[in-house]
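Student: here's my sequence, what's the structure:
(2 chains)
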Amino acid sequence: MNNSLLTQDKRTKQRNAAEARFKAYGLVAILVALAMLVWLLVSILSAGSPAFRQSFLTFPVLIEESIADKSGTRDPAVLTKVTTLGYAKILAHSLEAEIAAKGVDLGAMKPKEIGQMISEESSATLRDMVMANPGLIGTTIPFTAIASGRIDGYFKGRVTMESAALDKNTSPEQLILADNLRAAGILKSEFNPGFVTMPDASDKRPEAAGLGIAIIGSLMMMMVVLLLSLPIGVAASVYLEEFAPKNRWTDLIEVNIANLAAVPSIVYGILGLSIFINFAGLPQSAPIVGGLVLTLMTLPRIIIPTRAALKAVPPSIRDAALGVGASKLQTVFHHVLPLAMPGILTGMIIGLAQALGETAPLLLIGMVAFVRDFPGGLFDPASALPVQVYTWTTRGDPGFVERASGAIIVLLVVLIVMNAAAIYLRRKFERRW
Amino acid sequence: MKSAFSFPFAALTLFAGAAFSQDQAVAEATSSSVLYRLIFALGIVVFLIAAFTVGRNRAKTMRSKVSEMHSLPSFHGAVTLQYAALGIVLAIVLHLILGRPLGLGGAVAASLVLGGAGALFGLSTIKADFRARTFTERTIMVALILCSLVAVLTTVGIVASLVVETGHFFELYPASEFFFSTVWNPRFGGGSSLGILPLVWGTLYVSAIALVVAVPIGLMSAIYLAEYASKSVRAWVKPAIEILAGIPTIVYGLFALITVGPLLRDYFAQPLGFGDSSSSVMTAGLVMGIMVIPFVSSLSDDIINAVPQSLRDGSLGLGATPSETVRSVVIPAALPGIVGAILLAASRAIGETMIVVMGAGAAAKLSLNPFEAMTTVTVKIVSQLTGDTEFASPETLVAFALGLTLFTITLGLNVVALVIVRKYREQYE
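Tutor: Prediction:
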């Protein structure tokens, strides 16, 4: 047996191989975790980015008096009797006329089916325009209509000739015409600002669904969470960290806070439902209830980093302030709190970001309701960004999956901005004592 | 009766600056009354600032006459403000308890009278030897204590609401059936079977798959980061893995729904003949596993780092390779903490809602096939409590019993995990 240190014996080789394997396992584990992250982000981004583009049909619309106002009186009471179906007809006629004027090849399409290519939402928009300004009747106005969800899906690769042949909402002929319209410049794919400004739309109109109300609802809830949890969280942390005597009572509060931070979020939903809605009689679907529930959920998650920030301020600061005659409260409010502020704000932003993405408790307090009207206050029904994602995924039309993924992108962008702000604050104001 | 109880929440809304009270009668007249309440809230603020200024100025004048005062003028101003605020709060409480007899105008008048009286009383306290600072600080201290009690009240609220409604549920439905029946079949016409066992089975199955995914990946990443990685690699990789914990669960849910579910169905379940459902225990478990990786890796990493270097040095000095050191010295020393981390991850997985709602399915089944759709406790809480919630039927109330079960299990896991982690951290300090 060769006992030289320079040549490895069999056992050493085995042990070294085991060492290399072990290290490789670790590396693989990290790579797998990171690959999952990348896979998740790429899959959501690729599914969601089409939601920001939309197919629009631009053509002049003649608002026919024979449909919009048969009586010719322009009496608002008479005008409201014409439903969106009537305006759908007006749009279809005008599009047909435009197709003829531009000499676009109709293919095998029956002129009757042309109307199907325009979203029902656009007839409602046109109707609202006419209601607001009856003088438009009989005139020709430039109008941009939203193409129907199937046509839009065709240009995004979601609808194919084969699937269209089986679909009663569209037909291969419509898709061919859509191609021709695009070549003629009537149909264009453009950036769709409506996705972030418009309210939600009904089951059959994914092309018109937007995040407007959800974003406003989420904003309102975040305002409530910020206004309530910042003062309460800081006050509670200051008391526990700076003033509380160390006894069983404060020990109980501490254990309690640690546990609350780990309670499943859905339990807070049950709490909100039974206390705020059933017991206190606050309205369902209202941002105020969502805000209160999220506040209770966020508080322990804010108190923990706030206490850490307070603890990080060295005792010499307190001693110096007390030494020159400040009271304990003055010490805390004039010296300790300002020094701990960057840490507190960082914790606050991260807490808010968590609250923003929280879905489960909001499902229980009725935020899933279908809301079309923009909320005027904290007590009006509204939706929330993550909940809107969930409601869209429960709908049948595949167009909503794209919308849901697009909504996730909006949510993630906001979260990235918030977390970047937190990191910036930490880097900029971090102090080592 | 109800209006009296709603006061604390109404007071909260006041601070949110949105409205003055949750007033059913006024709520009908929408935007203008909101505006009035906002003006009222603003008026209160102006009034309080005025009270503070008057009190401070009066104390200032007094200080210029007498030789020495105990407190600074601003503290006397603060005392005036406190009495004025007390008057206003009294006025609002009276207004609400008496059932809003005079409407918003009455509330304004009462606030003015009682608030003014409070302010006058506050002004009368301004004297050279009055300890205004001590008085103010005591008030602030009471406020601080009250804020720290919010957390306790939250727990009390959770437990109370769960226990009370669960009690109602067990009056309508036998507890033994709930805990031991293997059939879950709610029918809103009555005659439902509400056995929790299939739900618990689904929950445990999904969580088990999640842990099987997350524990090896999380633990090995933690070991690599703590023992092998250079500082710069660590500085980048650790936060990158922690991003996984910051992503909202709805994103994972959508990922399960549109990517992982169809993929598993098309490439595993259908070719292997396990079924053709895209939502399955496997889908939810895999995605949840990705989500809990950072819970395992971050905490384990901290704990492995806390193992004293002297233990490693001893092992390496005896000739062990780094991996042998990790396996036979570092891991055994860190084991309790790692177990704590895994328990926390398990509690997280059991309480997770959105991933299972969107990935696991809704059918309550007792099956071993991981590619079959099953359901969990949290899914059923959501499905029984969304939509129309009528609080008299066992089909709705069962959600509270499910919630209590979930709360108890996760609380137990958390307490055990926290105790283990805390004990372990002290061990080497």
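Student: okay, now the domains of chain B?
Tutor: Structural domains annotated on chain B: B:2-130, B:184-427, as defined by automatic domain parsing.
Student: any chance of JSON lines for these, columns distance to residue A:342, mean pLDDT and mean neighbour count?
Tutor: Backbone N, C-alpha and C define where each C-beta goes, glycine included. As requested, these are arranged in JSON lines below (distance: least, CB to CB, whole Å; pLDDT from 0 to 100; neighbours: other CB atoms under 10 Å in any protein chain shown):
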{"stretch": "domain B:2-130", "distance to residue A:342": "25", "mean pLDDT": "74", "mean neighbour count": "17"}
{"stretch": "domain B:184-427", "distance to residue A:342": "18", "mean pLDDT": "89", "mean neighbour count": "20"}
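Student: the ones you listed: which one's closest to chain A?
Tutor: Taking CB to the nearest CB as the criterion, chain A comes closest to domain B:184-427 out of these, the separation being 2.6 Å.
Student: what's the pLDDT at the residue nearest in space to the middle of chain A?
Tutor: Ranked by distance to the mean C-alpha position of chain A (CA atoms, centre = their mean), the top residue is residue A:385 at 3.3 Å. Residue A:385 is assigned a predicted lDDT (pLDDT) of 93.
Student: how near is residue B:167 to residue B:288?
Tutor: Going from residue B:167 to residue B:288 by CB to CB, to the nearest Å gives 32 Å.
Student: show me what the lengthiest helix in chain B packs onto, helices and strands only.
Tutor: Secondary structure assigned by DSSP state H gives helix B:132-172 as the longest helix of chain B. For helix B:132-172, the helices and strands in contact under the criterion 3 or more CB pairs under 8 Å, 6 or more residues apart in numbering or on different chains; DSSP states H and E are helix A:212-238, helix A:248-260, helix A:265-271, helix A:287-312, helix A:328-330, helix B:73-97, helix B:394-427.
Student: adding distance to residue A:199, write these out as a markdown table.
Tutor: As requested, the helices and strands packed on helix B:132-172 are exported to a markdown table (distance: least, CB to CB, whole Å):
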| stretch | distance to residue A:199 |
| --- | --- |
| helix A:212-238 | 5 |
| helix A:248-260 | 35 |
| helix A:265-271 | 24 |
| helix A:287-312 | 15 |
| helix A:328-330 | 49 |
| helix B:73-97 | 35 |
| helix B:394-427 | 30 |
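Student: nearest to residue B:264, of those?
Tutor: helix A:265-271 (25.3 Å; CB to CB).
Student: any idea of the mean pLDDT in that closest one?
Tutor: Per-residue confidence for helix A:265-271 averages out to 93 on the pLDDT scale.
Student: any idea how far it is from the chain center?
Tutor: Helix A:265-271 sits 21 Å away from the centroid of its parent chain (CA atoms, centre = their mean, to the nearest Å).
Student: for it, packing partners?
Tutor: When contacts are defined as 3+ CB pairs under 8 Å, 6+ apart, helix A:265-271 sits against helix A:287-312, helix A:360-364, helix B:132-172, helix B:331-351, helix B:377-385, helix B:394-427.
Student: spatially central, which residue of chain B would that be?
Tutor: residue B:154 (9.0 Å).
Student: who's in contact with that residue?
Tutor: Residues near residue B:154 by CB atoms under 8 Å, 6 or more residues apart in numbering or on different chains: A:260, A:271, A:296, A:299.
Student: swap in 7 Å and give it another go.
Tutor: When contacts are counted by CB atoms under 7 Å, 6 or more residues apart in numbering or on different chains, residue B:154 touches A:260, A:296.
Student: repeat that for residue B:106.
Tutor: residue B:95.
Student: in which helix or strand would I find it?
Tutor: For residue B:106, the element it lies in under DSSP states H and E is helix B:103-124.
Student: helices along the stretch 101-250 of chain A, start to end?
Tutor: Listed in chain order, the helices of the stretch 101-250 of chain A (DSSP state H, counting those that start in this stretch) span residues A:120-132, A:149-155, A:161-166, A:172-184, A:194-197, A:212-238, A:248-260.
Student: what packs against the fifth one?
Tutor: Helix A:194-197 is packed against helix A:212-238, with contacts defined by 3 or more CB pairs under 7 Å, 6 or more residues apart in numbering or on different chains; DSSP states H and E.
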